[in-house]
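can't give you the sequence, but here's the structure:
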């Protein structure tokens, strides 16, 4: 998985974000609880289902996250580890550029969550789609010259 991340065309901030995600080091509410930070609630803010916000729930179990992944025609496994989920995504996408979209969709979900918590902006399917599309368009400028044509075609197929 690490090679998938560092070989992607994503910006360094996206790569570091996803590296933190796979290491379970993002400041999700369950990690804040483990660090003895007092919050009003440790539940997922995106779905309001009274489920603790863990990494797996926030990015793969939450109905909002599942809707986001469905934008890429990806189905999240009901059970499994993070490695199992990412391997499943790889098999479903069948593209050498799959990790770019996975990283950016993770970033989109994280951005929606943070916008709700820190800015009070309610997450929506449309705003998440807009965020993802904006980020994927920017990736075209970061692609290696040797794979630019195929990468650009692939990006446009996602939009």
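Right, received. Where do you want to start? The structure displayed is predicted, hence computed values, not measured ones. Numbers count the residues shown, from 1 in each chain.

roughly how far is stretch 120-137 from the heart of the chain?
12 Å (Cα atoms, centre = their mean, to the nearest Å).

for it, buried residues please.
Residues 123, 128, 131, 132, 133, 135, 136 are the ones in stretch 120-137 that count as buried (16 or more other Cβ atoms under 10 Å). Heads up, the C-betas are built off the backbone N, CA and C, glycines and all.

let me see the mean pLDDT of that stretch.
For stretch 120-137, mean pLDDT is 91.

circling back: max pairwise distance over the buried residues of stretch 120-137: which two?
123 and 136 (18.6 Å; Cβ to Cβ).

which element is the one residue sitting closest to the centre of the chain on?
Nearest to the mean C-alpha position of the chain, counting by Cα atoms, centre = their mean, stands residue 106 at 0.7 Å. With elements taken from DSSP states H and E, the one containing residue 106 is helix 98-114.

mind listing what's buried along that helix?
In helix 98-114, counting by 16+ other Cβ under 10 Å, buried: 98-113.

before we move on, what about stretch 142-159?
So, applying 16+ other Cβ under 10 Å, buried residues of stretch 142-159: 143, 151, 154, 155, 158.

in strands, which of those residues fall?
Using DSSP state E, no member of the buried residues of stretch 142-159 falls in strands.

next, format those as JSON lines and append distance to residue 70 and pLDDT.
Below are those laid out as JSON lines (distance: Cβ to Cβ, whole Å; pLDDT from 0 to 100):
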{"residue": "143", "distance to residue 70": "25", "pLDDT": "79"}
{"residue": "151", "distance to residue 70": "23", "pLDDT": "80"}
{"residue": "154", "distance to residue 70": "19", "pLDDT": "79"}
{"residue": "155", "distance to residue 70": "19", "pLDDT": "75"}
{"residue": "158", "distance to residue 70": "13", "pLDDT": "71"}
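
just give me the closest of these to residue 29.
Distances from residue 29 to those, taken by Cβ to Cβ, are shortest for residue 158, at 30.2 Å.

I figured that closest one was touching residue 100, is that so?
No: using Cβ atoms under 8 Å, residue 158 is not in contact with residue 100; the gap is 9.3 Å.
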